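below are the sequence and a predicted model for it; my questions follow.
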Amino acid sequence: MKSVLITGANRSIGLEITKQLSKQGLFVYLGSRDLEKGNEVVKELNKDGFQNIKSIQIDVTNPDSILAAKNIVENEQGKLDILINNAGISGGQFPQTASDTSVKDIKDVFETNFFGVISVTQAFLELLKKSDSPRISNITSGLGSLTLHSDPSWKYYDFKSAAYGTSKSALNAYTIVLAFELKDLSFKVNAIDPGYTATDFNHHSGPGTVESAASFIIKHTVTDENGPNGQFFSNDIEDETGVSPW
């Protein structure tokens with residue numbers, strides 16, 4: 001049975017990914033900053049018939065928490081097949097202007113959305129390298145696309161954010177570097193945007209569903225040996241490839 005760790009999985013898109021991968025027969029570590037809340041979610045999932053799910057406490061901004069989670073997975077599985085870096089924060093109120101958004105607010109967002117991903121990825125690389133087909137999916141946003149943000153015809157062109165969007169641009173850049181480093185191994189490392197989805201994250205303002213978002217992420221994560229590496233996929237790209245410009 002393949003194993004997957006999903007950070008920020010106790011609600012919204014992360015929770016839906018958990019459900020869908022559980023149905024596909026994977027063992028899912030449901031990552032949650034609050035273990036008690038995670039355990040409550042797993043209990044409800046079990047009642048609904050979902051199996052092979054375990055809550056694991058992981059705060060992506062806390063090195064000790066990350067190490068403890070890594071040790072649990074290592075002791076129980078010996079390896080990790082899939083890492084989905086889903087945990088993220090918006091940085092609070094919008095708009096986030098370049099002139100007024102405080103350095104502290106920007107740093108707080110980067111701590112989770114960028115440095116947190118790096119910390120978790122580096123900690124779990126050892127276990128991922130023990131898998132026959134390791135996968136790393138960094139959950140990003142179309143708001144991180146510099147190309148689209150430079151195109152006045154893009155439907156979200158006017159929605160600029162000095163903290164959230166820039167953190168996702170940085171994450172995209174890290175994804176490219178990581179994918180390149182691991183390209184000669186069996187890794188597939190990609191950035192995946194679930195699209196503008198109705199979640200607690202945006203006060204349910206998005207037109208997309210969590211079911212569609214999770215399905216899209218899984219489609220571009222659970223791939224065969226010929227799957228893409230170092231790509232940026234977006235559920236908001238309206239063609240069959242789903243490939244987004246960086």
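Thanks, I have it.

pretty sure Pro95 contacts Lys160?
Yes - between Pro95 and Lys160 there is a contact at 7.3 Å, judged by CB atoms under 8 Å. Any C-beta I mention is one placed from the backbone N, CA and C, and that applies to glycine too.

what about those two, which has more around it?
Taking other CB atoms under 10 Å, Pro95 and Lys160 do not tie; Lys160 has more neighbours (16 against 12).

quick one: the nearest residue to the more buried one once chain neighbours are set aside from Gln93, how far?
The spatial neighbour of Lys160 that comes closest, neighbours along the chain excluded (CB to CB, 6 or more residues apart in numbering), is His149 at 6.9 Å. For His149, the distance to Gln93 equals 20 Å [CB to CB, to the nearest Å].

quick check: phi and psi on Ser137?
Backbone torsions of Ser137, given as degrees, to the nearest 10, read phi -120, psi 120.

my guess is it contacts Ala214. True?
No - counting by CB under 8 Å, Ser137 stays clear of Ala214, with 11.5 Å between them.

picking up where we left off before, which of His149 and Gln93 has more neighbours?
Remark: of His149 and Gln93, His149 carries more neighbours, 19 against 8, as counted by other CB under 10 Å.

where is the longest helix in the protein?
With DSSP state H setting the assignment, residue counts place helix 164-181 as the longest helix in the chain.

ok, now how distant is the residue with the largest distance to the centre of the chain from Gln93?
In the chain, Ser99 marks the outermost C-alpha relative to the chain mean, sitting 28.6 Å out by CA atoms, centre = their mean. Using CB to CB, Ser99 is found at 15 Å from Gln93.

ditto for Asp132
45 Å.

double-check Asp236 against Gly206; I have them as touching.
No - look at Asp236 against Gly206 with CB under 8 Å: they stay out of range, at 9.8 Å.

comparing those two, which shows the higher neighbour count?
In terms of neighbours (other CB under 10 Å), Asp236 is the more surrounded of Asp236 and Gly206; the figures are 22 against 17.

so who does that one touch?
142, 193, 195-196, 244 (CB atoms under 8 Å, 6 or more residues apart in numbering).

please apply the same query to Ser119.
Contacts of Ser119 (CB under 8 Å, 6+ apart): 60-61, 63, 66.

in what helix or strand does it lie?
Taking DSSP states H and E as the definition, one finds Ser119 inside helix 116-128.

neighbours of Val177, how many?
Neighbour tally, Val177, other CB under 10 Å: 11.

next one: Asp224
7.

and the one 10 residues further on, by the same measure?
As a burial measure, the neighbour count of Ser234 was computed by other CB under 10 Å and equals 24.

so it versus Ile56, what's the distance?
Using CB to CB, we find Ser234 at a distance of 28 Å from Ile56.
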